[in-house]
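1. predicted coordinates and the sequence they were generated for:
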Amino acid sequence: ATTYVEGQGLETRSVIDFSSERTAFSMVRDGVEVDMGDRMGGGPTTLTRTTTVTDQILTAKDGKPTSVRRTFDSLEGTSVRSTRGEETVSTNNGPLEGVTLALTLDEDGEVLVDVVEGDEPEDEALLEGHKLALGLDALLPAGVIEVDSPWDFDGAVLMSVLGLDLDAQFFPPQAREERGGGEGGERGGRGNRGGGRGDQNLAKLLLDAEWEGEATLTDEVVEVEGLSCRVIEFSAEGEAEIEDPPAREPRGDRGGDAVGMVPAVRFGGTGTLEIEGKLYVSLEEGRPVSLEAESTATAETETTRSGGGGEMVINSTTETTLTIAITVVKGEADSDE
């Protein structure tokens, strides 16, 4: 278990790299396949996210935090979408960037959230779901565990460990019309709430999936960030039903991109997901030190459209890869705390 000490400072750095590409696409009109030529859906999409969050443990009881001062130092995202040889670059800084929250555990075990520095977010939902402890703690065993003895975990634990349980708070979708334009196909903005209707991104796919996971303490000991660490290996498989896309909207009334884990892709079918990784824990400092994980997902969809006296069947396969690297480093508490 992680041991929290009053006055302790912990800085969590996370880097997420994502790539997605449609690998198969077909249209059949009234039983006859349509020649798509080079119109399969464009080239790959890539996304890089970097976040840095600093926690100052103000009070703790029995090694557990009871009040925390949390500062969102940086929440940065950059995506590149390739379409017919042209690249579009989008940048997105999360609306909580530069904001400091005071998190306090009340008598009922609920977390109270107050903004103590920075701009109060217009959307109160951005202040929901925050926890006092590190997300990596969720993967630690509930009690004493022997080497090579596995334990199970579910999707809620996995999302907390990967930091995706707060994806909507860190990087809410942006509405296209609210983003600033730029030269060279670049777009930028600070996390305006919105998003295209019916769009489903990888974060939502991961969150909606039914997961079955297993973790195991290995006999491996490695040095990470100058600390001797024990290694927990974990893996999980998930499956998610993907909503059918709505009927096409008029061009002037389309929503913006779902700037979650990936720009908008319309799905309707089944998503199959796998993930594996390692969590490194320092027994000397009593805390997780880092995590590395890689996830793959395959989305296979089939959509049928009827109208005009005919029927159109559309099949699509999209392959995605997601890598996550999280590091927790020990920092100093503020001098005035």
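-> That came through, no problem.
2. list the contacts for the residue lying closest to residue 128 once chain neighbours are set aside?
-> Nearest residue to residue 128, sequence neighbours excluded (C-beta to C-beta, 6 or more residues apart in numbering): residue 169, at 7.2 Å. Heads up, the C-betas are built off the backbone N, CA and C, glycines and all. Contacts for residue 169 (C-beta atoms under 8 Å, 6 or more residues apart in numbering) come out as 94, 96, 125, 126, 127, 128, 129, 130.
3. secondary structure class for residue 169?
-> Recorded secondary structure, residue 169: helix (DSSP: H, G, I helix; E, B strand; the rest coil).
4. that older thread, just among the contacts of residue 169, which is most surrounded?
-> The most crowded member of the contacts of residue 169, judged by other C-beta atoms under 10 Å, is residue 96 (28 neighbours).
5. thought residue 89 was touching residue 77?
-> No: when contacts are counted by C-beta atoms under 8 Å, residue 89 is not listed as touching residue 77 (11.3 Å).
6. which one's more surrounded, the two?
-> Set residue 89 next to residue 77 and count neighbours by other C-beta under 10 Å: residue 77 wins out with 22 against 14.
7. which strand or helix spans that one?
-> Element membership of residue 77 [criterion: DSSP states H and E] is strand 64-83.
8. extract the CA atoms of that strand and return them as CSV.
-> Taking Å, rounded to 0.1, in the frame of the first residue of the first chain, the C-alpha atoms of strand 64-83 are listed here in CSV:
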residue,chain,number,x,y,z
LYS,A,64,-4.0,7.7,3.9
PRO,A,65,-4.4,11.3,2.6
THR,A,66,-7.3,13.3,4.1
SER,A,67,-6.6,16.6,2.4
VAL,A,68,-4.6,17.4,-0.7
ARG,A,69,-3.6,20.5,-2.6
ARG,A,70,-3.5,19.5,-6.3
THR,A,71,-2.1,21.7,-9.1
PHE,A,72,-2.5,20.9,-12.8
ASP,A,73,0.8,22.2,-14.0
SER,A,74,0.3,21.2,-17.7
LEU,A,75,-2.4,19.5,-19.7
GLU,A,76,-1.3,19.5,-23.3
GLY,A,77,-2.5,17.5,-26.3
THR,A,78,-1.5,17.5,-30.0
SER,A,79,-3.2,15.5,-32.7
VAL,A,80,-2.2,15.0,-36.4
ARG,A,81,-4.8,13.7,-38.9
SER,A,82,-3.7,12.7,-42.4
THR,A,83,-6.3,13.0,-45.2
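9. tell me which other helices or strands it touches.
-> Applying 3 or more C-beta pairs under 8 Å, 6 or more residues apart in numbering; DSSP states H and E, we find strand 64-83 packed against strand 45-61, strand 86-93, strand 100-105.
10. looking at those, spot the one closest to residue 319.
-> strand 45-61 (11.3 Å; C-beta to C-beta).
11. in CSV, list the contacts of residue 169 along with secondary structure, pLDDT and distance to residue 331.
-> Listed next are those as CSV, based on DSSP: H, G, I helix; E, B strand; the rest coil; pLDDT from 0 to 100; distance: C-beta to C-beta, whole Å:
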residue, secondary structure, pLDDT, distance to residue 331
94, coil, 94, 21
96, coil, 97, 19
125, helix, 94, 29
126, helix, 96, 24
127, helix, 96, 24
128, coil, 96, 26
129, coil, 95, 24
130, coil, 96, 19
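12. turn the helices and strands packed on strand 64-83 into JSON lines, columns for distance to residue 165 and mean pLDDT.
-> Formatted as JSON lines, these follow (distance: least, C-beta to C-beta, whole Å; pLDDT from 0 to 100):
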{"stretch": "strand 45-61", "distance to residue 165": "14", "mean pLDDT": "94"}
{"stretch": "strand 86-93", "distance to residue 165": "19", "mean pLDDT": "86"}
{"stretch": "strand 100-105", "distance to residue 165": "15", "mean pLDDT": "98"}
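13. what would those look like in CSV with distance to residue 294?
-> Below are the helices and strands packed on strand 64-83 laid out as CSV (distance: least, C-beta to C-beta, whole Å):
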stretch, distance to residue 294
strand 45-61, 15
strand 86-93, 23
strand 100-105, 31
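14. out of these, nearest to residue 229?
-> That would be strand 45-61 among those, by C-beta to C-beta, at 19.9 Å.
15. tell me the secondary structure at residue 133.
-> Quick answer, by three-state DSSP: residue 133 is coil.
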